[in-house]
Structures are given as C-alpha cells and as structure tokens.
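In: sequence? don't have it. structure:
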C-alpha cells in the first residue's frame, strides 16, 4: 500500500525535476531509481525495468560508471532480474555492483554496508538457482559485515538471520 501511495509522489517529483533541472541531472536519476523501486515492489516489473534502465543511463552519464549510485541501480536491476528468473543478467549486474563497491571503498579491514547488500543479492540469486553452498557463503559474508558494522543485536542482522532460517527450513523440504 505504501508503494502505491509513493508512486504518484515520485512521479510528481520527477515531473518537477524534469522541468526545473537540466536533462540528465543526478536528481532525475535518483528519482527514477526510487520510482522504479516503487513499481518493482508493486509487481510492475516491465515498468520498473524501463525506469531502472533510464536511471542507470542518467546516473552513469552524470556520475561515472564506477559511482556508488550507479552500483545501487545495478543492484536493483539485479534483484529485479533475479525475481524474474533472468539469472544470467542478474548475476552480471550483481558482480558489477560488487566490483564497483569494492573498488570505491577498497578492501579495508571493515567492508562498507552497501557491500553486504550486494552480497545479499548474490546470496538470493545463488539460492534461487539451487546453489545452496554458494548462497550460504554469500549470506555469511553479508551477515559478517552487518554484524561488524551494526552490532550483532541490530534489527538488520536479526532480520537477515530470520530470513535465512526460513529459507533453510523450506529448502530442506524440497
């Protein structure tokens, strides 16, 4: 319901930005990305894909191909393609996302939280393809980053554990 309410607000914001900002402004790319997410969560996959692709073009052109905002849109596209069982495309975008995040933030002692999001998408993708050992490895890496950055008692860490335990319960019944 919230996404249904948000969609017209994003559309209005987009119209204002398109009138008041120069074509290809990063705020237009950001708004397209958010509008695409609203469509995605409503199951409007074709519309979401078009909007994500448009956001990706603008963000890449305005910010450069290795910008974290570009990686965010790539990760969103990866998740959309995973949902549609377009695994080859999803994996390509997941790997691009992870490469950008790690290049931007380096391989420091502590990874950036966005790296955990990319690893979570890879975990879901591997899980959906029946690659359970690979999925678990990605999941553990993502959880380790979240735990290190947020603390083991953080709701996002707990939510990840809950989601993974639900999956593991249902995976054993196949």
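Out: That came through fine. Here the structure is a predicted model, which is why all the values come from computation and not from measurement.
In: where in this structure is pLDDT low?
Out: Along the chain, segments meeting pLDDT under 70 span 106-111, 160, 162-174.
In: 80 - rerun?
Out: Scanning the chain for pLDDT under 80 picks out 1, 105-112, 151-174.
In: what about the helices in it?
Out: Under the criterion DSSP state H, the chain contains helices at 2-20, 26-41, 45-63, 68-83, 87-105, 113-128, 132-150, 155-171.
In: could the ones you listed go into a markdown table alongside mean neighbour count?
Out: Every residue, glycine included, has its C-beta placed from N, CA and C. What follows is those, written out as a markdown table (neighbours: other Cβ atoms under 10 Å):
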| stretch | mean neighbour count |
| --- | --- |
| helix 2-20 | 13 |
| helix 26-41 | 21 |
| helix 45-63 | 18 |
| helix 68-83 | 23 |
| helix 87-105 | 19 |
| helix 113-128 | 22 |
| helix 132-150 | 18 |
| helix 155-171 | 13 |
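In: gap between residue 48 and residue 32?
Out: Residue 48 is 10 Å from residue 32, where distance means Cβ to Cβ, to the nearest Å.
In: scratch that, residue 138 is what I was asking about
Out: Taking Cβ to Cβ, one finds residue 138 at 28 Å from residue 32.
In: Also residue 90?
Out: 20 Å.
In: try residue 114
Out: Going from residue 114 to residue 32 by Cβ to Cβ gives 19 Å.
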